[in-house]
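Chemist: this one's sequence-less:
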Ligand SMILES: NC(=O)CC[C@H](N)C(=O)O
């Protein structure tokens with residue numbers, strides 16, 4: 001089906017969703033995140049043939065939080081061969097909240113997937129083992145993918161999360177007790193919190209994630225970021241685990257691989273066509289952007305796209 005997209009289509013979708021603002025709750029377990037105005041709402045779309053469309057607060061930067069888990073996985077897949085990662089992290093949905101400890105104890109310290117906190121912490125542990133400057137490397141990577149040279153970390157958010165890190169520290173130490181964590185826990189947590197504290201706008205996120213809609217290639221770059229097979233694998237993980245215990249609900253309503261963060265951002269991919277980023281800070285009970293999902297649901301219906 002031919003794609004009919006322009007900024008006014010996006011304006012209309014945001015207007016339709018705006019009445020939902022007020023129904024969710026801005027994350028407050030990381031105090032610095034609680035200060036973000038709840039009324040923000042933005043969307044950006046980048047297409048593989050070079051178009052970009054925006055509406056609302058699409059150019060304002062926010063904390064990408066767990067959306068960064070996709071980027072750290074991509075970095076790790078570049079550094080590790082074959083099954084090395086998948087001996088330490090699973091590929092299945094957890095059906096549990098993103099920061100749950102329950103399964104981890106029952107399953108010998110092997111996280112269900114790389115998009116729950118436990119899985120992302122193992123990935124960060126693996127990056128720490130192979131990279132001399134993991135934080136700098138991530139910045140270079142995101143700046144290269146987006147083409148935006150001043151993307152950076154929000155040091156306040158990273159510090160705020162470190163000061164409230166008991167649960168993530170417990171997850172990491174539990175994995176260490178099972179032998180699934182090699183490096184110093186505090187050092188890895190610091191890197192993980194910095195990755196989560198990347199500050200980006202919807203437009204920057206849509207540009208950054210376009211390679212997942214383009215078989216692993218930047219639209220104008222000749223060097224692939226990852227292979228077409230790896231691209232399918234990451235999209236599969238996003239479709240099955242990107243929105244935690246609501247991944248099934250998201251597949252039902254939106255029908256695209258997606259990854260959310262508690263900053264209220266969600267990235268979604270239409271393979272071979274486009275990357276989409278939405279932002280609305282109020283979250284539902286699973287920690288996903290309530291209005292953000294609604295925006296994606298209406299968009300998917302309007303443009304007639306679904307991977308199913
Ligand atoms: N779902 C999220 O975005 C969670 C990320 C957050 N930094 C945490 O570890 O709790």
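Modeler: Good, I have the coordinates. All values derive from a computational prediction rather than experimental measurement.
Chemist: for the nearest residue to residue 129 once chain neighbours are set aside, what are its contacts?
Modeler: Spatially, and ignoring its direct neighbours in sequence, residue 129 is nearest to residue 182 (5.7 Å; Cβ to Cβ, 6 or more residues apart in numbering). In short, each C-beta sits where N, CA and C put it, glycine included. For residue 182, the contacting residues are 125, 126, 128, 129, by Cβ atoms under 8 Å, 6 or more residues apart in numbering.
Chemist: and the chain, which residues reach the ligand?
Modeler: Where the chain comes near the ligand, counting by Cβ under 6 Å from any ligand atom, the residues are 65, 66, 98, 99, 117, 161, 168, 196, 261, 262, 287.
Chemist: Can you flag which of the residues you listed belong to strands?
Modeler: With strands defined by DSSP state E, no entry of the residues of the chain next to the ligand lies inside them.
Chemist: Of those residues, just say which sits nearest to residue 209.
Modeler: If you rank these by distance to residue 209 using Cβ to Cβ, residue 261 comes first, at 12.5 Å.
Chemist: I figured the closest one hits residue 33, correct?
Modeler: No. Under the criterion of Cβ atoms under 8 Å, residue 261 is not in contact with residue 33, lying 9.9 Å apart.
Chemist: Need the overlap of contacts for these two.
Modeler: 63, 65.
Chemist: Give me the more crowded residue out of those two.
Modeler: When neighbours are counted by other Cβ atoms under 10 Å, residue 261 and residue 33 differ, and residue 261 comes out ahead with 28 against 25.
Chemist: hang on, residue 276 in a strand?
Modeler: Yes. Counting by DSSP: H, G, I helix; E, B strand; the rest coil, one finds residue 276 located in a strand.
Chemist: Report the separation between it and residue 31.
Modeler: Using Cβ to Cβ, to the nearest Å, one obtains 30 Å as the distance from residue 276 to residue 31.
Chemist: Which one's more surrounded, these two?
Modeler: When neighbours are counted by other Cβ under 10 Å, residue 276 and residue 31 differ, and residue 276 comes out ahead with 31 against 14.
Chemist: What about the nearest residue to the more buried one once chain neighbours are set aside? Give its phi and psi, please.
Modeler: With Cβ to Cβ, 6+ apart as the criterion, residue 276 has its nearest non-adjacent residue at 4.6 Å, and that residue is residue 268. The phi and psi values for residue 268, taken as degrees, to the nearest 10, are phi -130, psi 150.
Chemist: Was I right to think residue 130 contacts residue 80?
Modeler: Yes. Here residue 130 reaches residue 80: they are 7.4 Å apart, a contact under Cβ under 8 Å.
Chemist: Residue 115 contacts residue 70, correct?
Modeler: Yes. Between residue 115 and residue 70 a contact is recorded at 7.5 Å, counting by Cβ under 8 Å.
Chemist: Identify the contacts common to these two.
Modeler: 238, 242, 259.
Chemist: Just the closest of these to residue 142, please.
Modeler: After measuring the shared contacts of residue 115 and residue 70 against residue 142 - Cβ to Cβ - the closest member comes out as residue 259, at 14.3 Å.
Chemist: thinking again about what came up before, mind putting the residues of the chain next to the ligand in JSON lines, pLDDT included?
Modeler: What follows is the residues of the chain next to the ligand, written out as JSON lines (pLDDT from 0 to 100):
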{"residue": "65", "pLDDT": "98"}
{"residue": "66", "pLDDT": "98"}
{"residue": "98", "pLDDT": "97"}
{"residue": "99", "pLDDT": "95"}
{"residue": "117", "pLDDT": "98"}
{"residue": "161", "pLDDT": "96"}
{"residue": "168", "pLDDT": "98"}
{"residue": "196", "pLDDT": "98"}
{"residue": "261", "pLDDT": "98"}
{"residue": "262", "pLDDT": "98"}
{"residue": "287", "pLDDT": "97"}
